[in-house]
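Enquirer: Need a 3D model of the following:
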Amino acid sequence: MKKLITPIAITAADSNSRTITGRIVTFEETGNASIGKVQFAKGSIEAKSVLLNLEHDRTRRIGKTLSIESNEQGIDATFKIANTTAGTDALVEAAEGLRDGFSVEVYFDEYETLKDGTVRIIKGEMTGVALTSEPAIRSARVAEVAATEGDEEISDSTIEPDATPTEKDDEVEQTVTPAEAVETVEAAQSVTANAKPAVGGWTSKPRLEFTAAKYLENTIRASLGEESARQYVAAADDTTDNAGLVPTRQLTEVINGLANNTRSAIDAISRGVLPDAGMSFEIPKITTMPTVAETAEAGTPSETDQASSFLSVTVKKYAGQQTFSVELLDRTSPLFFNELLNNMSAAYAKATDLAVYTALASGATADSTTLTTYPTASELLGFVSRGAASVYSNTQGFATNILANTSQWANLMTLNDSGRPIYMAAQPSNAGGVVRPDSIRGNVAGLDLYVTANVPSANDTDKDDSMLIINPSAYTWYESPTYRLRADVIASGQIAVSVYGYGAIATKIGAGAFGINKT
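Expert: Below you'll find the model as predicted:
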C-alpha cells in the first residue's frame, strides 16, 4: 500500500466561525507531481472525518472536520479551527496567502497507469489533511477570512498543542516521511484571499500623562482587558515626542530569501524507498540480451545466453546540527525553534538535490555540436532533438524531462517569434511550450521543464551541463525518512538539534542524460 500526499488550494476560510473550507480531492483532474501525472477516479476516495494539522506534522493539530461531502467533482470539506494561538495564526496566514493550501494524505493500493504515464487512483483511504504553504489545484480559491469565534469549540482531547522538545536525552523523532513508499504530488498555485479586519477606536483623544511608569502600568492593565488602558497605550503608540514610549513591534513572520525546500533535480528523475539496512545495496541488471535471428529451415537457431550482473549503489548520510542554550529555547518565542527546523529542512533539501544534480551532470553525454552562447530558438530545438535521440538510443527509453539552471531558464523566456515569446504563448500557432517567470515548472518542445538553483558554481551560468535532457527511468533517488535528533548537553546546559537522513542516487543506465556542450 502506498501513501499519497496531494496539495490542493483552499476555497474558503471564515474566521467569523473559525472555519476553513476547500476542495480536498478533485476527481478526474490531472496534476503534475514528483511521481509524474496523477488523477483521482470518481468515488475513489471516501469522504470521512479527519483531523487538520500544520504541514503534515501530527503533533501540531489545529482543527477537525466540521462537515465533509462528496459530489461529482470531488470532495469538499469544512474544518473547525481550534481557539489556540496556532489556530488563529493559521486563519491569518490563510487570509494573507502565506499558508493557503490543503494537502491530503491518502493510502492507496488500487490504481492504474494510463498510456501517458498518469497514475489514476481507483480506490484509496484518506487518513489526514494538512494546512500547507504549497497549494495546487487551480479550481480552488480562498473566499473569506475573519476572526470572531463561532459557537462550536474544539476539545483539548481532539487538538494537540504545538510540540516542544522534552527534557529526555537523545530523543529521536521521525518528522518528514513514514517508512512506507511516499509519493508527493506537488503543483504551484496562487490563491486569492479577502480579509475582514477588525474595526474599532474612539472619537476624542484624551489628555494623558506620558511617563515610562504609566505606560508600563497601562500596558499591563490593557492585557487584562481594561478599555481605558488600551486607549492610553494606543495614544502613547501614536506619540512621536515621547522618547521610549513608542515600542518597536516584532511580527511573527520571518523573512528568508536564502533557501526553500524545492528539489527540482530529484523531481526530474524517478524515486524509490531506501532499503532498511546497510550502507550499500545492489540492483540486478541485464548486461547481455538473448538474440533472435532469421533461421533457415532445419537450421540452428540463434543462441546468445542472457547475462546479468549487480549494480552496487552507495548510501550516503546527509546531516546538519545546531547547538544553542536551553535558555534560548525556554525563554524565546516558539517561532525560533520552528524556523530553525524549517531552515535545517531546507538545507537538507538543498544538499540532497545538489548531490543528484552533480551525479546527473557527471554522467551526462554530449555530442560534437558546440554552442558559444545561450541557445537561440533554433539551437535549442537542435539540442532537444539530438538529446532525445541520444537518450533513446542509449537507454531504449524516452527522454521526457529537461533540467535547467536559472541562467538557462532566463534565456528560455527570451526566445521569441517576431517578438512573441514562443514558450509563453497561448496562440496555437506558436505555442511551443510554457515557461513562466513565476513557476519553476513548464514545458519546452514537449519536454517537462524543471528549474533548479541547486547547482555547483561551475555550472551556474551557460557552462557544460547547465541544461540536461533526461530519461527519468535511467536514474533513481532512494531516500530514507528524515529524522530529527535532540540531545541535551548536560555539562554546558546546551541543546543540540540535528536533522539527518540517508539517500542514494543510482545511475541505472549510462547515458540517460544529455548535456549542452559549450566551447
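Enquirer: Do you have the strands of the stretch 51-200 of the chain handy? List them.
Expert: 51-54, 57-70, 74-81, 101-113, 119-132, 171-174, 182-184 (DSSP state E, counting those that start in this stretch).
Enquirer: need those in TSV with distance to G257 and mean neighbour count, can you?
Expert: Yep, even glycine has a C-beta here, placed from its N, CA and C like the rest. Conversion of the strands of the stretch 51-200 of the chain to TSV gives the following (distance: least, CB to CB, whole Å; neighbours: other CB atoms under 10 Å):
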stretch	distance to G257	mean neighbour count
strand 51-54	22	22
strand 57-70	24	18
strand 74-81	30	24
strand 101-113	21	18
strand 119-132	20	20
strand 171-174	28	12
strand 182-184	24	19
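Enquirer: Out of those, flag the one nearest F336.
Expert: Evaluated with CB to CB, the strands of the stretch 51-200 of the chain place strand 57-70 nearest to F336, the distance being 15.6 Å.
Enquirer: Taking strand 101-113 as reference, get the angle to that closest one.
Expert: Between the axis of strand 57-70 and that of strand 101-113 there is an angle of 70 degrees, by axes from the mean of the first three to the mean of the last three CA atoms, to 10 degrees.
Enquirer: just checking, L360 is part of a helix?
Expert: Yes: according to DSSP: H, G, I helix; E, B strand; the rest coil, the state of L360 is that of a helix.
Enquirer: Dump the strands of the stretch 51-200 of the chain to TSV, plus mean pLDDT and distance to Y483.
Expert: Compiled in TSV, the strands of the stretch 51-200 of the chain are given as follows (pLDDT from 0 to 100; distance: least, CB to CB, whole Å):
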stretch	mean pLDDT	distance to Y483
strand 51-54	88	19
strand 57-70	87	14
strand 74-81	87	29
strand 101-113	79	19
strand 119-132	84	20
strand 171-174	37	6
strand 182-184	33	14
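Enquirer: Kindly reformat the ones you listed as JSON lines and extend each row with distance to T314.
Expert: As requested, the strands of the stretch 51-200 of the chain are arranged in JSON lines below (distance: least, CB to CB, whole Å):
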{"stretch": "strand 51-54", "distance to T314": "36"}
{"stretch": "strand 57-70", "distance to T314": "31"}
{"stretch": "strand 74-81", "distance to T314": "43"}
{"stretch": "strand 101-113", "distance to T314": "30"}
{"stretch": "strand 119-132", "distance to T314": "29"}
{"stretch": "strand 171-174", "distance to T314": "23"}
{"stretch": "strand 182-184", "distance to T314": "22"}
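Enquirer: what's the neighbour count on P456?
Expert: A count of neighbours around P456, defined by other CB atoms under 10 Å, yields 13.
Enquirer: returning to what we had before: do you know which of the strands of the stretch 51-200 of the chain lies nearest Q39?
Expert: strand 119-132 (4.7 Å).
Enquirer: Relative to the centre of this structure, pull out the residue lying furthest away.
Expert: Among the C-alpha atoms of the chain, the one most distant from their mean position (CA atoms, centre = their mean) is that of A298, at 62.5 Å.
Enquirer: Any idea which of the strands of the stretch 51-200 of the chain gets closest to G225?
Expert: In this view, these are compared for proximity to G225 by CB to CB, and strand 74-81 is the closest at 23.0 Å.
Enquirer: who's in contact with S228?
Expert: R221 (CB atoms under 8 Å, 6 or more residues apart in numbering).
Enquirer: What about it? Give its phi and psi, please.
Expert: As for S228, its main-chain torsions (degrees, to the nearest 10) stand at phi -60, psi -30.
Enquirer: let's number from 42 now, not from 1
Expert: Okay, using 42 as the starting number, the last item reads as S269.
Enquirer: From R262, how far out is it?
Expert: If you measure S269 against R262 using CB to CB, to the nearest Å, the figure is 8 Å.
Enquirer: beta partners for T60?
Expert: With DSSP bridges as the criterion, T60 is bridged to D55, K121.
Enquirer: do you know how far it is from A131?
Expert: From T60 to A131 the distance is 11 Å (CB to CB).
Enquirer: The two: which has the busier surroundings?
Expert: Comparing T60 with A131 by neighbour count (other CB under 10 Å), the higher total belongs to A131, at 26 against 21.
Enquirer: Thought I103 was touching that one, still the case?
Expert: Yes: look at A131 against I103 with CB atoms under 8 Å: they come within range, at 5.2 Å.
Enquirer: residues contacting S374?
Expert: Contact analysis of S374 by CB under 8 Å, 6+ apart lists T293.
Enquirer: the strands in the stretch 292-441 of the chain, which residues?
Expert: Secondary structure of the stretch 292-441 of the chain (DSSP E, counting those that start in this stretch): strands at 311-314, 321-329, 348-355, 357-366.
Enquirer: Of those strands, flag the one that's most buried.
Expert: Stretch with highest mean neighbour count among these: strand 311-314 (a mean of 16; mean count of other CB atoms under 10 Å).
Enquirer: No further questions, thank you.
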